[in-house]
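Chemist: Generate a structure from the sequence data that follows.
(one chain, ligands or ions: 1)
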Amino acid sequence: MNINVSDNPAQECADILAEAAEAGAHIALTGGSTPGDAYKLAAGADWSRAKLWWGDERCVPPDDELSNYRLAQESLLDRIAGDPPEIHRIHGERGPHAGADDYERDLRETLGERAPKLDVVLLGLGPDAHVASLFPGHATLDVSDRLAVGEEDAGLKPFVPRVTLTLPVLCDGRHIVFLVAGEGKAEAVERAFGDGEPSHDAPGSLVRPRDGRMTVLLDPPAASRLRL
Ligand code: 6PG
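Modeler: Numbering: from 1, shown residues only. Take a look at the predicted model:
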């Protein structure tokens, strides 16, 4: 695990996304409020060969203001000057279970029936140390026979059902990238990436690369409780 603290982690994240996009990678984007700046900074790259996926989605239509797809559309897709990437969005509007079934089918049909691997898995970290829509103590953390699952009870705002990739798919990513900023995340960062044991109480601590690599991009406030 490579922990990288800098004053502008969004730029570092954008550089990783741009390089992957230009290489034609399969990239899973994240939602939340943190990644918008990174998406805007990466929009100048050539995205025409990239394939875009999402780590999780809220069960709302794609034009809803809570939609993770909409965030990417406004901060990235609408700003790309050249040809657009191939889009594999999560159809959250189908509901958590049908949405997860559809997404799993798309992953298998596109990336292969057995253990599909994403090239870049971008993730945020919640203040409760959740990742994607895998919340502390929830049964979804133990799912190992599905690529995507529905979550009816989000553990944190916004309280709408979700569709999320499962832990094995996140951990199978060839490059797992966390982007986390702000003092409000310092405790979660310590619980996810500090010296403690991995725990279901801190889903971020359960995301570790199986045979790929992992980069954690932090600003100084988010890193303030880590011993580096
Ligand atoms: C979501 C996310 C979620 C997010 C974290 C951090 O759909 O909510 O994908 O896992 O990355 O909650 O979100 P913030 O950037 O808003 O703090």
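Chemist: hmm, who's touching stretch 186-206?
Modeler: Identification of contacts with stretch 186-206 by Cβ atoms under 8 Å, 6 or more residues apart in numbering yields 1, 3, 123, 125-131, 134-137, 141, 167, 178, 180, 207-208, 216, 218, 221-227. Quick note: C-beta positions are derived from backbone N, CA and C, even for glycine.
Chemist: let's go with 6 Å and repeat that
Modeler: Contacts to stretch 186-206, defined as Cβ atoms under 6 Å, 6 or more residues apart in numbering, come from residues 125, 127, 129-131, 134, 136-137, 141, 167, 180, 216, 222, 224-226.
Chemist: check these against the ligand, which are close?
Modeler: Among the contacts of stretch 186-206, proximity to the ligand is found for L125, H130, V131 (Cβ under 6 Å from any ligand atom).
Chemist: And for R70, the neighbour number?
Modeler: 19 (other Cβ atoms under 10 Å).
Chemist: Which of the helices or strands spans it?
Modeler: Per DSSP states H and E, R70 falls inside helix 68-75.
Chemist: Ok, P61 next?
Modeler: With DSSP H and E as the test, P61 turns up in no helix or strand.
Chemist: Can you say which of the contacts of stretch 186-206 are buried?
Modeler: Listed as buried from the contacts of stretch 186-206 are 125, 129-131, 134, 136, 141, 167, 180, 216, 222, 225-226; burial here means 16 or more other Cβ atoms under 10 Å.
Chemist: near the ligand, which residues of the chain show up?
Modeler: Contact residues, the chain versus the ligand (Cβ under 6 Å from any ligand atom): 30-34, 55-56, 58, 68, 124-126, 130-133.
Chemist: Apply 8 Å and report the result again.
Modeler: Within the chain, the positions adjacent to the ligand are 30-35, 55-58, 68, 123-127, 130-133, 154, 156, 158, 162, 180-182, 184-185 by Cβ under 8 Å from any ligand atom.
Chemist: Just the buried residues out of the residues you listed, in ChimeraX syntax.
Modeler: Buried members of these can be picked out in ChimeraX with the line below, counting by 16+ other Cβ under 10 Å:
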select :30,31,32,34,35,55,56,57,58,68,123,124,125,126,130,131,132,133,154,162,180,181,185
